[in-house]
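> below are the sequence and a predicted model; questions follow.
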Amino acid sequence: GSRVEVRSTYDNRYSRGFDVVDIVRDGGGAPRYRVRRRSDGSVLPKLFEESDLRQDDRRNRMWWH
């Protein structure tokens, strides 16, 4: 349920509006993360590496900050 920003592979910028819904650990490797888009509740099919996510700490601030 952590709010995160997801880095786009297209332009390398972060997008807001996602929640972590699952942590996948395959065979002892680095964990990957399944995320849900808050705007429509869709779970994205891609699993994200930790380096592609960052905490969304702006949830309590106004959009212009």
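Nice, I can see it. Numbers count the residues shown, from 1 in each chain.

> quick check: pLDDT value at the residue of the chain positioned farthest from its centre.
Centroid-distance maximum for the chain: Gly27 at 22.1 Å, with Cα atoms, centre = their mean. pLDDT for Gly27: 83.

> what about it, distance to Ser51?
Distance, Gly27 to Ser51, by Cβ to Cβ, to the nearest Å: 19 Å. The C-beta positions use only the backbone N, C-alpha and C, and glycine is treated the same way.

> ok so the residue farthest from the centre of the chain is a helix residue?
No. Judged by DSSP: H, G, I helix; E, B strand; the rest coil, Gly27 forms no part of a helix; its state is coil.

> for it, grab phi and psi.
Dihedral pair for Gly27: phi 60, psi 30, per degrees, to the nearest 10.

> swap in Ser2?
Backbone geometry at Ser2, expressed as degrees, to the nearest 10, gives phi -70, psi 140.

> likewise for the one 5 residues further on?
Note on Arg7: its backbone torsions stand at phi -80, psi 130 [degrees, to the nearest 10].

> how about the contacts made by it?
Contact analysis of Arg7 by Cβ atoms under 8 Å, 6 or more residues apart in numbering lists Arg13, Tyr14, Ser15, Ser51, Asp52, Leu53, Arg54.

> which among those count as buried?
Asp52, Leu53 (16 or more other Cβ atoms under 10 Å).
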